[in-house]
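Student: got a sequence here, can you model it:
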Amino acid sequence: MSQILAATAKSDLAATQFVVRKDDLTQIRFEDFTLHADDLQPEQILVKVDSFAFTANNITYAELGGKMSYWDFFPGSDEAWGIIPVWGFADVVASRHPAIAVDERIYGYFPMATHLVMQPVKLTDSGFIEGMPHRAKLPPAYNSYLRITTEPAFAETFQPYQALLRPLFITSFLIDDFLADENVFGAQTVVLSSASAKTAFGLAHLLHRRKDITLVGLTSAGNRAFVEGLGCYNRVVTYDQIAEQPMEDAVYVDFAGSADVRRAIHEHYGDSLKYSCAVGLSHREMNPPGKGLPGPKPLFFFAPDRIVKRSKDWGRSGLESKLNTAWADFLPLLQGWIRVIRGDGRAAVEATYRATLAGRVKADEGHILSLWE
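Tutor: Numbers count the residues shown, from 1 in each chain. Here you go, the predicted structure:
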């Protein structure tokens with residue numbers, strides 16, 4: 001039985017999880033098992049995972065699962081197979097915690113599964129930290145859960161966008177903060193690859209507010225109209241037009257992870273490239289980020305490290321306040337940009353997973369899934 005349950009079933013309660021082969025992400029399977037609420041230890045809760053978002057970001061979790069410990073959040077019973085973490089909503093179906101009631105709804109980091117046993121600690125009115133021992137050394141940003149409130153941002157209408165974009169927007173917010181802290185390394189231009197990616201256009205929305213920056217969005221020909229329609233970029237260009245761009249001091253924020261695009265950027269800007277920031281792997285390449293490139297060595301941006309820094313600088317509540325203000329400004333725009341597509345059951349989960357893995361999901365689509373039929 002998967003360790004995500006931390007329990008021995010005594011009577012039948014059907015549960016399912018979706019797992020992938022770590023060394024070959026095209027191989028998948030659904031695992032069925034049983035559990036029982038009576039197995040809960042004191043101060044543990046059992047939640048039913050109601051729905052979760054699935055985006056290219058989750059593929060990145062799988063691609064970097066071993067290097068960045070993403071497989072360690074929800075370890076399975078077979079070391080060769082992994083459970084991809086997802087962001088979504090769950091409802092408490094059993095509780096032995098005195099401060100958490102059955103039917104309470106929470107938002108956060110879950111397995112692609114129907115259930116999860118949790119051990120909440122450090123409770124506040126707005127959230128808690130997951131206290132399961134195997135997660136103690138993992139990045140704290142992924143161990144924080146929100147208790148759903150009556151605030152407008154958590155209205156049912158906006159919940160799909162919370163699952164789809166909020167975790168990505170946190171990264172957008174932190175990169176924007178990092179660039180502001182560094183005065184954009186003295187550059188006047190910021191170039192974003194994979195400009196249609198959700199984390200990229202979240203960052204573009206934030207950077208667009210600065211009138212002294214020229215924002216360049218790199219995208220495919222097929223996504224160009226979508227990216228132009230966002231209204232966040234000063235220039236939208238396709239990847240084959242990189243060499244045609246003006247020579248100017250620039251910062252490159254790489255969401256694509258494509259070695260060819262990265263080299264084209266570095267070779268075009270050369271010493272005028274003031275910083276090269278590696279963020280995502282939307283093109284699903286695992287090449288070393290900076291080997292043999294002119295200009296600065298690409299450096300990987302790890303959002304949890306920035307969260308730790310700003311939590312020290314501003315306090316946890318200060319960081320949450322700044323993030324929530326930025327998110328509240330961004331959230332209303334999403335209904336005009338992203339079409340939410342709901343998929344329930346095993347067939348829908350597998351189909352969306354395979355489409356995302358193959359890069360076939362359209363830029364204006366946002367997939368919300370559930371393993372419940």
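
Student: select the longest helix from this structure.
Tutor: When the chain is parsed with DSSP state H, its longest helix is helix 159-181.

Student: quick check: next helix or strand after it?
Tutor: Using DSSP states H and E, the helix or strand that follows helix 159-181 towards the C-terminus is strand 189-192.

Student: give me the residues contacting the next helix or strand after that following strand.
Tutor: Next along the chain after strand 189-192, taking DSSP H and E as the criterion, comes helix 198-207. With contacts defined as C-beta atoms under 8 Å, 6 or more residues apart in numbering, helix 198-207 is touched by 55-57, 164-165, 168-169, 171-173, 175-176, 179, 190, 192-195, 213, 215, 217, 227, 230, 232-233, 253, 255, 279-280, 326, 330, 333, 337-338, 366. For the C-beta atoms, the positions are set from N, CA and C on the backbone; glycine is no exception.

Student: repeat that with 7 Å
Tutor: With C-beta atoms under 7 Å, 6 or more residues apart in numbering as the test, helix 198-207 has contacts from 55, 57, 165, 168-169, 171-173, 175-176, 190, 192, 194-195, 213, 215, 217, 230, 232-233, 253, 255, 279-280, 326, 330.

Student: how is the protein divided into domains?
Tutor: Listed domain ranges for the chain are 3-149+340-370, 168-304 (source: automatic domain parsing).

Student: can you list those domains in TSV and add mean pLDDT?
Tutor: Formatted as TSV, these follow (pLDDT from 0 to 100):
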stretch	mean pLDDT
domain 3-149+340-370	91
domain 168-304	91
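
Student: could I get the ones you listed as a markdown table with mean neighbour count and distance to E320?
Tutor: Shown next, in a markdown table, are those (neighbours: other C-beta atoms under 10 Å; distance: least, C-beta to C-beta, whole Å):
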| stretch | mean neighbour count | distance to E320 |
| --- | --- | --- |
| domain 3-149+340-370 | 18 | 8 |
| domain 168-304 | 19 | 10 |
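
Student: quick one: which of those domains is nearest K322?
Tutor: Closest approach to K322 among the domains of the chain (C-beta to C-beta): domain 168-304, 7.9 Å.

Student: can you measure across the closest one, start residue to end residue?
Tutor: One end of domain 168-304 sits 12 Å from the other (C-alpha to C-alpha, to the nearest Å).

Student: which SS class is H268?
Tutor: With DSSP: H, G, I helix; E, B strand; the rest coil as the basis, H268 sits in helix.

Student: doesn't A243 make contact with it?
Tutor: Yes. Contact criterion C-beta atoms under 7 Å: H268 and A243 qualify, at 5.4 Å.

Student: the helices in the chain, which residues?
Tutor: 56-63, 159-181, 198-207, 224-230, 259-269, 303-314, 316-330, 334-337, 346-357.

Student: relative to the whole chain's centre, how far out is the third one?
Tutor: By that I understand helix 198-207. A distance of 13 Å separates the centroid of the chain from that of helix 198-207, by C-alpha atoms, centre = their mean, to the nearest Å.

Student: adding distance to G292, write the helices of the chain out as TSV.
Tutor: Listed next are the helices of the chain as TSV, based on distance: least, C-beta to C-beta, whole Å:
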stretch	distance to G292
helix 56-63	22
helix 159-181	25
helix 198-207	26
helix 224-230	30
helix 259-269	8
helix 303-314	27
helix 316-330	37
helix 334-337	38
helix 346-357	29
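
Student: rewinding a little: among the domains of the chain, which is nearest G315?
Tutor: domain 3-149+340-370 (13.0 Å).

Student: for Y233, which non-adjacent residue is spatially closest?
Tutor: G217 (3.8 Å; C-beta to C-beta, 6 or more residues apart in numbering).

Student: quick check: bridge partners of the one you found?
Tutor: L192, V236 (DSSP bridges).

Student: so it sits right up against A195, yeah?
Tutor: Yes. Counting by C-beta under 7 Å, A195 is a contact partner of G217 at 3.1 Å.

Student: and S196, how far from R224?
Tutor: 9 Å (C-beta to C-beta, to the nearest Å).

Student: okay, and the common contacts of those two?
Tutor: Counting by C-beta under 7 Å, 6+ apart, nothing touches both S196 and R224.

Student: what does the longest helix of the chain contact?
Tutor: Residues from elsewhere that reach helix 159-181, judged by C-beta under 7 Å, 6+ apart: 51-53, 55, 57, 87-89, 107, 154, 198-199, 202-203, 206-207, 251, 253, 279, 301, 303, 306-307, 310, 323, 326-327, 330-331, 334, 338, 340, 366, 368.

Student: and what of stretch 246-264?
Tutor: Here stretch 246-264 makes contact (C-beta under 7 Å, 6+ apart) with 175, 179, 184-194, 197, 199-200, 203, 218, 239, 242, 265, 269, 272-283, 285, 287, 289, 293, 298.

Student: for stretch 326-339, same thing?
Tutor: 153, 158, 161, 164-166, 169, 173, 202, 205-206, 230, 364-366.

Student: for that stretch, give the mean pLDDT please.
Tutor: Per-region confidence: stretch 326-339 scores 91 on mean pLDDT.

Student: and the residue lying closest to H97 once chain neighbours are set aside, backbone torsions?
Tutor: Excluding the flanking residues, the one nearest H97 by C-beta to C-beta, 6+ apart is E43, at 4.8 Å. Main-chain torsions, E43, degrees, to the nearest 10: phi 70, psi 10.

Student: show me what contacts E43?
Tutor: Counting by C-beta under 7 Å, 6+ apart, E43 has contacts R96, H97, Q119.
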